[in-house]
Structure formats: C-alpha cells, structure tokens
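S.K.: this one's structure only:
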C-alpha cells in the first residue's frame, strides 16, 4: 500500500516522467518473462542487451507514444460514458493499434540490426499474427480502461496488463 501511495505521489508530481519510466520498466519485465519463462533461457543465457533494448523502447517509444495518444484521444472524444469509452476503444483499436504495432515491430527489427529488406520480410511474417493476437486481448482491456480509469492512470493500467503482452511481443519480435 505504501508503494502504491508513493507511486501516486510521484505520478502527481511528475506525470510524464513516471509514465515513461513505468512503461520502460514493465517492457523490461516483459522481456525477462519472455526469456526466462517462455523461452526458458536460464540466467546464464539471458540476453541482457535485449532486455535493455526493450526497456529503452518502453522509455523512448512506447511510453511517450501511448501516453501522448491517450491525451489526444481524450481531447478527440471527451467524456467517460459507456458510449464514449466504446468510441475511444474503436478508434484506438481500429486506427492506433495497427499503426503502433507495425512501428514497434519495425523498430525492434532495426534495433536488432536487420537490414531494411530483412526487416520488411520479418514484419510481413509477424505483423498479421501479432495484430490478430492484439484483438484477442486489447479491445476488452481498453474498453474497461477508457470507462473506469482516470486519464493519468491509463498508461500504468495498460502497462500492467501489457507485461504479458510485452512477453509475447518480445518473443515474437526476437524470433528468427
């Protein structure tokens, strides 16, 4: 409880920094889960550089982009009624999610040193399955998020659910 209160105070005092650091931390955690529980690498074979890449992506891309998107979305569709939440979810999942996922997978490929041609081939291979998997999880999460959660907590809520999603994305993005 004390940790939650400290998080709330920090979020109130420095919302952008805390949101970005939260996203980076949880992206890193997702990669650790991917490497240790999904891929079963063990500590000796853990790729620390890969985890740091995911942390960097969380802090430098996911946190700022998703956090900014939620602000834009709240300006485009103000309100918190069920209908407003449904509109936000449809715009989020119909417009933002497909673009964001494509950018994310491409960025991971670039950071992993793939050539433009190899990155394009990997994106064509991974994107359809990742987008379909996205639609199994995120519409329900986002509907609840937009209806029940205040704006300044949305990124944190999403990133908590996203620990599992990030594990999947890390596995998907780093499969050769």
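M.R.: Happy to help now that I have it. This structure is a prediction, so every number in the text was calculated from the model and none was measured.

S.K.: The residue with the largest distance to the centre of the chain and residue 36, how far apart?
M.R.: In the chain, the greatest distance from the average C-alpha position (CA atoms, centre = their mean) is reached by residue 44, at 27.0 Å. Relative to residue 36, residue 44 is positioned 11 Å away (CB to CB, to the nearest Å). Quick note: C-beta positions are derived from backbone N, CA and C, even for glycine.

S.K.: what helices or strands is the longest helix anywhere in the chain leaning on?
M.R.: In the chain, taking DSSP state H as the definition, the longest helix is helix 116-148. Judged by 3 or more CB pairs under 8 Å, 6 or more residues apart in numbering; DSSP states H and E, helix 116-148 is in contact with helix 82-91, helix 97-111, helix 151-174.

S.K.: can you tell me the average pLDDT over that helix?
M.R.: For helix 116-148, the mean per-residue pLDDT is 94.

S.K.: What are the buried residues along it?
M.R.: 119, 122-123, 126-127, 130, 134, 138-139, 141-143, 145-147 (16 or more other CB atoms under 10 Å).

S.K.: Pick out whichever of those residues sits closest to residue 163.
M.R.: Ranked by distance to residue 163 (CB to CB), those are led by residue 141 at 12.2 Å.

S.K.: give me the number of residues near the nearest residue to the closest one once chain neighbours are set aside?
M.R.: Nearest residue to residue 141, sequence neighbours excluded (CB to CB, 6 or more residues apart in numbering): residue 161, at 5.2 Å. Counted by other CB atoms under 10 Å, the residues lying close to residue 161 total 17.

S.K.: Residue 161 contacts residue 140, doesn't it?
M.R.: No. In this structure, residue 161 is not within contact of residue 140 by CB atoms under 8 Å, at 9.9 Å.

S.K.: just to revisit the earlier point, format the helices and strands packed on helix 116-148 as JSON lines; extra columns: distance to residue 30 and mean pLDDT.
M.R.: Below are those laid out as JSON lines (distance: least, CB to CB, whole Å; pLDDT from 0 to 100):
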{"stretch": "helix 82-91", "distance to residue 30": "22", "mean pLDDT": "97"}
{"stretch": "helix 97-111", "distance to residue 30": "12", "mean pLDDT": "94"}
{"stretch": "helix 151-174", "distance to residue 30": "2", "mean pLDDT": "81"}
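
S.K.: so how far is residue 28 from the residue farthest from the centre of the chain?
M.R.: Distance from residue 44 to residue 28, by CB to CB: 19 Å.

S.K.: first to last residue in stretch 55-68, what's the distance?
M.R.: 18 Å (CA to CA, to the nearest Å).

S.K.: So what touches that stretch?
M.R.: 16, 19-28, 31, 100, 103-104, 107-108, 111, 155, 158 (CB atoms under 8 Å, 6 or more residues apart in numbering).
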